[in-house]
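Visitor: Quick one, fold the following:
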Amino acid sequence: MKKANTAGPSSSFRVVVPNRVDIAGGTLDIYPLYLLIGDAMTVNAAVAVRSEVEVRPFRRGAARLSSGNFGIAVTAVDSHGFSLGGKLGLLSRALRHFPAVSGVEFLVRNEAPVGSGIGASSALLVALMLAAGRVTGTACRRDGTALAAMEIEAAHLKSLTGRQDHMAALRGGLQGIRFSAGRVEARRLPPAGRAGAMLRDHAFLAHTGIAHRSSDVNWRMIRGAIDGDRVVLRKFRGIAAAARDAWEAVSAADPRGTGAAVAAEWAIRKTLAPGVSTPGVENLFPDRRFRRLVSGAKLCGAGGGGMLFGLLRDPDDREAVEALLSGTGMSVLPFRLSGGPRFEGIGNGG
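Guide: Predicted structure coming up:
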């Protein structure tokens, strides 16, 4: 690693990136699963649930990393001096990807709660890497940032990780991402287009109140595929087909087709491993009122809790569906789409 020889910023700024809702095809972005399935695809939407990093000048000869969510701050001689353990370990590891810098403070914060299933920790990692790249003058291209972020995360978690979270944070909008050997092809639809208008009218988002651990659930899903289990592989092919259907429907701004693809994806996903669904979801989804008002719904990410995403059959039924969700103890969030990263200048006072 390079010795600390980079000066801190002369003024403060903020980096804001979106989190994502995976509409269909989550888990297929994890290596090597997409190589085992063929024509694998993940469809997601960047939403206005934010991850942000504020960068401020700090005292000479020192650096600080602070978390607003955890209420902790650590100080070191430079940005390579933070511990790789503890709650800030992933972010500390990311800072070592860049030249060491002193005279800087990184303040990080997620709007989403821990275990939300919408890629908040990955988005925060991306925001920090964008901030560190600007401070050190070593920013790289979007694809390189996404790949590095995925590998930094895998090294820290000592587990398999995907890249859709990082790509959504870096690109924003609606994405259809196809994976093949040596290549990732990402198509993007803008939030303000026809597809975005359809989702704004029909989509809903709610937090189950249960935190999930994606690495545990993902590994239970993927292990069978790696071992060559034909049943598991067939299920993942079904998820890939549902994702392709979802992208076609989203691109056509077709709410009925999108809802059907989401429902088909979830019907398969929940059978992949124990713990993907939750008792609350299993009670809610068969409810006749819910089925009458909702065309398709699923838990985000690997499941096991976190956020619930779905589509209304009729936008006029939003209030009734939100009342149903609230009645089960879930917390309803506004569904708003987002563009990509933003850099904002801020006064030295914060």
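Visitor: alpha carbons only for contacts and neighbour counts from here, please
Guide: OK.
Visitor: for this structure, what's the longest strand?
Guide: Longest strand in the chain, counting residues (DSSP state E): strand 40-57.
Visitor: which residues of the stretch 1-150 of the chain fall in helices?
Guide: Here the stretch 1-150 of the chain has its helices, by DSSP state H, counting those that start in this stretch, at 33-37, 89-95, 120-136, 142-157.
Visitor: and the last one, what's its mean pLDDT?
Guide: Helix 142-157 shows a mean pLDDT of 94.
Visitor: cool, the third one as well?
Guide: Confidence over helix 120-136, taken as the mean pLDDT, stands at 97.
Visitor: Likewise for stretch 295-304?
Guide: For stretch 295-304, the mean pLDDT works out to 91.
Visitor: Report the buried residues of stretch 87-101.
Guide: By 16 or more other Cα atoms under 10 Å, the buried positions in stretch 87-101 come out as 88, 90-101.
Visitor: cool, and stretch 162-169?
Guide: Buried-residue list, stretch 162-169, by 16+ other Cα under 10 Å: 162, 163, 164, 165, 166, 167, 168, 169.
Visitor: Let me know the closest of the residues you listed to residue 27.
Guide: Nearest to residue 27 among those, counting by Cα to Cα, is residue 162 at 7.0 Å.
Visitor: follow-up on the earlier one: in TSV, list the helices of the stretch 1-150 of the chain along with distance to residue 308.
Guide: Converted to TSV, those look like this (distance: least, Cα to Cα, whole Å):
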stretch	distance to residue 308
helix 33-37	24
helix 89-95	26
helix 120-136	15
helix 142-157	24
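Visitor: so which of these is the most packed in?
Guide: Most buried of the helices of the stretch 1-150 of the chain, by mean neighbour count (mean count of other Cα atoms under 10 Å): helix 120-136, with a mean of 25.
Visitor: Contacts for that helix next, please.
Guide: Contacting residues not belonging to helix 120-136 are listed as 6-9, 14-20, 50-53, 55, 90-91, 94-95, 98-99, 101, 106, 108-110, 112, 114, 139-140, 145-146, 149, 153, 165-166, 169-170, 341 [Cα atoms under 8 Å, 6 or more residues apart in numbering].
Visitor: picking that back up, closest one of the buried residues of stretch 162-169 to residue 221?
Guide: Once Cα to Cα is applied, the member of those that ends up nearest residue 221 is residue 162, at 13.4 Å.
Visitor: give the contact list for the closest one.
Guide: If you count contacts by Cα under 8 Å, 6+ apart, then residue 162 has 27, 28, 29, 30, 31, 150 around it.
Visitor: Recalculate using a threshold of 6 Å.
Guide: With contacts defined as Cα atoms under 6 Å, 6 or more residues apart in numbering, the neighbours of residue 162 are 29, 30.
Visitor: pLDDT weak spots in this structure?
Guide: Where the chain drops to pLDDT under 70, the residues are 1-5, 213-216, 347-350.
Visitor: ranges for the strands of it?
Guide: With strands called from DSSP E, the chain shows them at 13-24, 40-57, 63-67, 72-76, 104-110, 174-180, 183-189, 203-207, 294-299, 307-312, 331-333, 342-345.
Visitor: looking at the ones you listed, which is buried most?
Guide: Most buried of the strands of the chain, by mean neighbour count (mean count of other Cα under 10 Å): strand 13-24, with a mean of 28.
Visitor: and that one, what does it pack onto?
Guide: With contacts taken as 3 or more Cα pairs under 6 Å, 6 or more residues apart in numbering; DSSP states H and E, strand 13-24 sits against strand 40-57, helix 120-136, strand 342-345.
Visitor: Tabulate the ones you listed in JSON lines, adding columns for distance to residue 273.
Guide: Converted to JSON lines, the helices and strands packed on strand 13-24 look like this (distance: least, Cα to Cα, whole Å):
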{"stretch": "strand 40-57", "distance to residue 273": "19"}
{"stretch": "helix 120-136", "distance to residue 273": "23"}
{"stretch": "strand 342-345", "distance to residue 273": "38"}
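Visitor: Of these, which is nearest residue 237?
Guide: Taking the helices and strands packed on strand 13-24 one by one with Cα to Cα, strand 40-57 is closest: 7.8 Å.
Visitor: so that closest one versus helix 120-136, what angle?
Guide: 50 degrees (axes from the mean of the first three to the mean of the last three Cα atoms, to 10 degrees).
Visitor: For strand 40-57, name the packing helices and strands.
Guide: Applying 3+ Cα pairs under 6 Å, 6+ apart, we find strand 40-57 packed against strand 13-24, strand 104-110, strand 174-180, helix 230-251.
Visitor: Relative to residue 345, which of the helices of the stretch 1-150 of the chain is closest?
Guide: Nearest to residue 345, of those and by Cα to Cα, is helix 120-136 at 12.0 Å.
Visitor: Just the C-alpha atoms of that closest one, please, in PDB.
Guide: What follows is helix 120-136, C-alpha atoms only, in PDB (Å, rounded to 0.1, in the frame of the first residue of the first chain):
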ATOM      1  CA  ALA A 120     -27.800  -0.600   1.400                       C
ATOM      2  CA  SER A 121     -24.400  -1.800   2.700                       C
ATOM      3  CA  SER A 122     -23.200  -2.300  -0.900                       C
ATOM      4  CA  ALA A 123     -24.500   1.100  -1.900                       C
ATOM      5  CA  LEU A 124     -22.700   2.700   1.000                       C
ATOM      6  CA  LEU A 125     -19.500   1.000  -0.100                       C
ATOM      7  CA  VAL A 126     -20.000   2.400  -3.600                       C
ATOM      8  CA  ALA A 127     -20.600   5.900  -2.200                       C
ATOM      9  CA  LEU A 128     -17.400   5.700  -0.100                       C
ATOM     10  CA  MET A 129     -15.400   4.500  -3.000                       C
ATOM     11  CA  LEU A 130     -16.600   7.400  -5.200                       C
ATOM     12  CA  ALA A 131     -15.700   9.800  -2.300                       C
ATOM     13  CA  ALA A 132     -12.300   8.300  -1.800                       C
ATOM     14  CA  GLY A 133     -11.600   8.300  -5.600                       C
ATOM     15  CA  ARG A 134     -12.400  12.000  -5.700                       C
ATOM     16  CA  VAL A 135     -10.300  12.900  -2.600                       C
ATOM     17  CA  THR A 136      -7.200  10.900  -3.900                       C
END
